[in-house]
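This is a predicted model, with the sequence first.
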Amino acid sequence: MEVDTATSATQAPARHSLPELEIYCYLLVLIFLIDQKRYNEAKACSSASIARLKNLNRRTVDVLASRLYFYYSLSYELTGDLAEIRGNLLALHRIATLRHDELGQETLLNLLLRNYLHYNLYDQAEKLRSKAPRFEAHSNQQFCRYLFYLGKIRTIQLEYTDAKESLLQAARKAPVAALGFRVQCNKWAVIVRLLLGEIPERTVFMQKGMEKALRPYFELTNAVRIGDLELFKTVAEKFSSTFTSDRTHNLIVRLRHNVIRTGLRNISISYSRISLADVAKKLRLDSPNPVADAESIVAKAIQDGAIDATIDHANGWMVSKETGDIYSTNEPQFAFNSRISFCLNMHNEAVRALRFPPNSHKEKESAEKRRERQQQEQELAKHIAEEDDDEF
């Protein structure tokens, strides 16, 4: 039987590139389009890359995927359409959680927090943060962003102590090259410290490359330190555009009470007795009834423990008590305790950041010990076998 051996021209089989190479090409094109400010094309490219990523479940793609997630969100943020991808980011975070993609989880959680905070949805951001899996800090950059967003949420929720700790930690852990990020952290940290009644050191505003950006906050700090309400209003009006762009304007409004309290504290230290009318004049209260307002402010400060004084309602005076020895109080103990806690926390974080080879805590078994152990096991097995034979 004859067989036709004629072969027709056949096409070469298609070569499928590696998924890692394909995702890397997506990433390069996306970065190029964003650098060229072709944001609409970048949106289309990022959407296509995310659609391709959803069909891949390879651990070798996780690092590239986390970068794609970032530029995906950035492309939509640059076009003002950040709200459109919120649902998609939530779906991607769920997929990353199911696939145990820890780096992807951290990146997407930060992107979701940024998405919510961009539209001032602080309650939703806190609910997401509290329900999301615990942040394990596999990436230092993502951990710094997480601490910054956490500090902003805590500030809006009036939890200033926790906010200060998160913001200062984010600024300390941030890379030296990330100047813009460190500037933002320091701006918010300065405001939080002022709200706590602290005065930041001058060196905070003199850091290399930050002098110009932190100048408005330096003048604001000076006004709060002096307790001059008129100067505070002037600075707030002068740099209102800067505070609005930094989204700290609402926090500046909260500082008015601190300025008044600082001025009142300075007055109580300087005068053993002063009339409430003079208090209102020195504080520059511009209300219809400044004396009544001064009396309520003084009463509130006394109740909160900001000043040690009494009010003589009959004569309309504020009588300051003698300043005692601070070392006879618990203030030095609280100050040392806070410093010791800070040092211990830093030590614990450094220990957790260490990387150890697996089973390094176990002593390596030498060849001689291994032979002795094997011999003992053989003798024990032989002894058990002999006991079983005796039973039979």
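It's in.

quick check, distance from stretch 105-112 to the centre of its chain.
Relative to the chain's own centre, stretch 105-112 is displaced by 12 Å; criterion: Cα atoms, centre = their mean, to the nearest Å.

could you say what helices and strands whichever strand or helix holds residue 203 packs with?
Under the criterion DSSP states H and E, the helix or strand holding residue 203 is helix 202-205. Secondary structure elements in contact with helix 202-205, counted by 3 or more Cβ pairs under 8 Å, 6 or more residues apart in numbering; DSSP states H and E, are helix 179-195, helix 215-226. All C-beta spots, glycine's among them, are computed from the backbone N, C-alpha and C.

May I see the buried residues of it?
With burial defined by 16 or more other Cβ atoms under 10 Å, the residues of helix 202-205 counted as buried are 204-205.

rewinding a little: most tightly packed of the helices and strands packed on helix 202-205?
Mean neighbour counts were taken over the helices and strands packed on helix 202-205 using mean count of other Cβ atoms under 10 Å, and the top value, a mean of 22, falls to helix 179-195.

still on that earlier bit, dump the helices and strands packed on helix 202-205 into a markdown table; add mean pLDDT and distance to residue 280 as well.
Output for these, formatted as a markdown table (pLDDT from 0 to 100; distance: least, Cβ to Cβ, whole Å):
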| stretch | mean pLDDT | distance to residue 280 |
| --- | --- | --- |
| helix 179-195 | 89 | 23 |
| helix 215-226 | 86 | 17 |
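
out of these, nearest to residue 119?
Across the helices and strands packed on helix 202-205, residue 119 has its closest neighbour in helix 179-195 (18.0 Å, Cβ to Cβ).

related to what we said a few turns ago, now do the helix holding residue 203: everything it contacts.
Helix 202-205 is contacted from outside by 186, 190, 211, 214-215, 217-218, 221, using Cβ atoms under 8 Å, 6 or more residues apart in numbering.

and if we set it to 7 Å?
186, 190, 211, 214, 217-218 (Cβ atoms under 7 Å, 6 or more residues apart in numbering).

Would you map the helices across the stretch 251-392 of the chain?
Defined through DSSP state H, counting those that start in this stretch, the helices belonging to the stretch 251-392 of the chain, from first to last, are 276-283, 290-304, 331-353, 367-391.

Minimum distance to residue 72: which of those helices has it?
Nearest to residue 72, of all the helices of the stretch 251-392 of the chain, is helix 331-353, at 29.1 Å by Cβ to Cβ.

show me the residues around residue 255 that make contact.
The neighbourhood of residue 255, defined by Cβ under 7 Å, 6+ apart, consists of 194-195, 224.

helix/strand/coil for the closest residue in space to residue 110 that isn't next to it in sequence?
Using Cβ to Cβ, 6 or more residues apart in numbering and skipping the chain neighbours, the partner closest in space to residue 110 is residue 145 (4.6 Å). Of the three states, residue 145 takes helix under DSSP: H, G, I helix; E, B strand; the rest coil.

For residue 145, give its distance to residue 198.
Separation of residue 145 from residue 198 (Cβ to Cβ, to the nearest Å): 25 Å.

My understanding was that residue 96 contacts residue 106; is that so?
No: at 9.0 Å, residue 96 and residue 106 do not qualify as touching, with contact defined as Cβ atoms under 7 Å.

number of nearby residues for residue 27?
The local packing count at residue 27 equals 19, with neighbours defined by other Cβ atoms under 10 Å.

three-state assignment of it?
Residue 27 carries the three-state label helix when classified by three-state DSSP.

how much space between it and residue 316?
When Cβ to Cβ is applied, the distance between residue 27 and residue 316 equals 72 Å.

try residue 107
62 Å.

Looking at the two, which one has more neighbours?
For residue 107 versus residue 316, the count of surrounding residues by other Cβ under 10 Å is larger for residue 107: 29 against 15.

Just the element for the closest residue to residue 24 other than its chain neighbours, please.
Computed as Cβ to Cβ, 6+ apart, the closest residue to residue 24 that is not its neighbour in sequence is residue 64, at 5.8 Å. Using DSSP H and E, the secondary-structure element containing residue 64 is helix 62-78.

Can you point out the buried residues in that helix?
By neighbour count on 16+ other Cβ under 10 Å, the buried set for helix 62-78 is 62-77.

got it, and stretch 87-94?
Burial within stretch 87-94, assessed by neighbour count using 16+ other Cβ under 10 Å, is assigned to 88-89, 92-93.

With distance to residue 120 and mean neighbour count added, can I get the helices of the stretch 251-392 of the chain in CSV?
Supplementary listing: the helices of the stretch 251-392 of the chain in CSV, determined by distance: least, Cβ to Cβ, whole Å; neighbours: other Cβ atoms under 10 Å:
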stretch, distance to residue 120, mean neighbour count
helix 276-283, 32, 19
helix 290-304, 29, 17
helix 331-353, 31, 10
helix 367-391, 65, 10
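
for these, which one sits closest to residue 175?
Across the helices of the stretch 251-392 of the chain, residue 175 has its closest neighbour in helix 331-353 (14.7 Å, Cβ to Cβ).

That's all I had, so thanks and see you.
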